[in-house]
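[1] task: produce atomic coordinates for the following.
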Amino acid sequence: MAGTLKFELVSPERILISADADQVIVPGMEGQFTVLAGHAPVISTLRPGVIDAQLEGGRRRRVLVRGGFAEVGPDRLTVLAQHMIDLDDLDHDTLSGELELANRLLADAKDDDARIAANEHIEHLKALRAA
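    Next up, the predicted model:
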């Protein structure tokens, strides 16, 4: 379906993105999903991963998120993330700090869901480091 949707990515600290998007790939707890204009209404919790937004005009934004939720409507996507890092701003020190935090979260995990989420986050960070 042609068209754009309003995409907002916010955290408790700031609004990182508020723009029209052609498509946005979201790391949902039940799996990754793509949002296009006309999408059916959905609310999903987020797993640690990368939001990949193709903005109007061909610009691409990739943002690492940890925790939060996404609310989808036919003409808008709002992502409320507990923590986010724009991959354009990611440097070696920030990545190392995120990896250290993810390892601590894994060590402190109290149940299987927390361990799985922490392991996925660690693997994703390792893949970012290798790239």
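[2] so where's the longest helix in the chain?
    As assigned by DSSP state H, the longest helix anywhere in the chain is helix 112-130.
[3] what distance do you get for Ala53 to Phe33?
    Applying Cβ to Cβ, to the nearest Å, the value for Ala53 to Phe33 is 13 Å. The C-beta positions use only the backbone N, C-alpha and C, and glycine is treated the same way.
[4] re the thing from before, not counting its own residues, what contacts the longest helix of the chain?
    Defining contact as Cβ atoms under 8 Å, 6 or more residues apart in numbering, one finds that helix 112-130 is touched by 47-50, 64, 66, 87, 90, 95, 98-99, 102-103, 105-106, 109.
[5] buried subset of those residues?
    Neighbour-count burial (16 or more other Cβ atoms under 10 Å) is assigned, among those, to 47-50, 64, 66, 87, 90, 95, 98-99, 102, 105-106.
[6] who's more crowded, Ala53 and Phe33?
    Using other Cβ atoms under 10 Å as the criterion, Ala53 and Phe33 rank with Ala53 on top: 22 against 15.
[7] beta partners of that one?
    Beta bridges link Ala53 to Val24, Arg61 when assigned by DSSP bridges.
[8] what's the separation between Gln32 and Ala70?
    Counting by Cβ to Cβ - Gln32 and Ala70 are separated by 11 Å.
[9] overlap of the contact sets of the two?
    The contact sets of Gln32 and Ala70 overlap at Val26 (Cβ under 8 Å, 6+ apart).
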